[in-house]
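Visitor: Kindly return the folded structure for what I paste below:
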Amino acid sequence: MVILGDYHTHTKYSRHGHGKGSVLENASVANEKGLKQIAITDHGFNHAFYGVRRRDIPEVKEDILNAKEVTGVDILLGVEANLISLNGDIDVQIEDFEFLDVLAMGFHKFVNMQRSEDVRKLTLPNLFGTPFQPSQEKISRNTTAYLKALDKYPIDILTHINYEFPIDTLAVARLAKEKGTYIELNGKRINISERDLDIMAGEGVRFILNSDAHTPDRVGECNEGFNLIFKLGIPLSQVANIDKLPKFKNKRG
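Guide: Numbers count the residues shown, from 1 in each chain. Next comes the predicted model:
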């Protein structure tokens, strides 16, 4: 039983040194580790510090074509989009779907939000950690924004859910199942309780193991999620990239 693909990797196009390697370096490590496919999913356009620039997309495409030829690894072009409003808007526009093979989405700090109300009700309440349990009001507001995003967009993967943005994980996972969206088990952090993961698995939610690599050496490193799959006895048929490759809504061809 092996992981055949990694669909959350960052490169130098996640700006200001946030992503360390090149597309070729990520693909070379993937090839060395026996992966058949990876996705380049740099941070979405509205991230104030790390977001990929739209004007760089043609260069990313060229890098992907070159890396495919050199390594033989199938490389998908994606983005890790940002939630930017209470109404579930994300920083992907209609014209962006012309180049997207994979659409991942998560909440990140320091993102240019759509309106001042979104800053006040989403950014600021989730900017700093708290020693106390998050209020039900905050959880409800965050959850509603996620549910609206799932309704509006063909999201393939929800990344690191519940990380610095508390939600009703079961409500989000249930709609993700209905929409054909994978719930990521992140190689750096998993903020879903084992109880909730067990319930999700019992309801047929589908998962995907990703590294969230920001350096090439981390590509394919999904052990934390892999171990949870076996600890909880989650059926491998519900894990998109163990012994098989996933199907994405946005993939061209």
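
Visitor: Residue 200 and residue 68: what is the separation?
Guide: Separation of residue 200 from residue 68 (CB to CB, to the nearest Å): 34 Å. Every C-beta, even on glycine, is put in place using the N, C-alpha and C of the backbone.

Visitor: neighbour-wise, which of these two wins?
Guide: Set residue 200 next to residue 68 and count neighbours by other CB atoms under 10 Å: residue 200 wins out with 24 against 15.

Visitor: That one contacts residue 183, doesn't it?
Guide: Yes: using CB atoms under 8 Å, residue 200 is in contact with residue 183, at 6.8 Å.

Visitor: Tell me where the model's unsure across this structure.
Guide: Within the chain, the segments meeting pLDDT under 70 span 129-131, 251-253.

Visitor: tell me the strands in it, going along the chain?
Guide: Along the chain, counting by DSSP state E, strands occupy 5-9, 37-43, 74-82, 102-106, 157-158, 182-186, 207-210.

Visitor: Show me what the fifth one is packed up against.
Guide: Pointing back at strand 157-158 there. strand 102-106, strand 182-186 (3 or more CB pairs under 8 Å, 6 or more residues apart in numbering; DSSP states H and E).

Visitor: Comparing the ones you listed, which comes out most buried?
Guide: strand 102-106 (a mean of 25; mean count of other CB atoms under 10 Å).

Visitor: Give the partner strands of it in its sheet and their orientations.
Guide: strand 74-82 (parallel), strand 157-158 (parallel) (DSSP bridges).

Visitor: got these as CSV, with distance to residue 143 columns?
Guide: Conversion of the strands paired with strand 102-106 to CSV gives the following (distance: least, CB to CB, whole Å):
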stretch, distance to residue 143
strand 74-82, 17
strand 157-158, 12
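
Visitor: re earlier: anything in contact with each of residue 200 and residue 183?
Guide: Applying CB atoms under 8 Å, 6 or more residues apart in numbering, one finds that residue 200 and residue 183 are jointly contacted by 173, 192, 207.

Visitor: Quick one: closest of the strands of the chain to residue 49.
Guide: For these, proximity to residue 49 was assessed by CB to CB; strand 37-43 is nearest, at 8.6 Å.

Visitor: and the angle from the closest one to strand 5-9?
Guide: 10 degrees (axes from the mean of the first three to the mean of the last three CA atoms, to 10 degrees).

Visitor: and for strand 37-43, what are the contacting residues?
Guide: Contacts for strand 37-43 (CB under 8 Å, 6+ apart): 4-11, 13-14, 18-19, 23, 26-27, 30, 50-52, 60, 64, 73-80, 82, 101-102, 104, 108, 219, 245.

Visitor: Columns distance to residue 120 on top of the helices and strands packed on strand 157-158, output as a markdown table?
Guide: Below are the helices and strands packed on strand 157-158 laid out as a markdown table (distance: least, CB to CB, whole Å):
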| stretch | distance to residue 120 |
| --- | --- |
| strand 102-106 | 21 |
| strand 182-186 | 28 |
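
Visitor: Between these, which one is closest to residue 145.
Guide: Going by CB to CB, the one of the helices and strands packed on strand 157-158 nearest residue 145 is strand 102-106, 10.9 Å.
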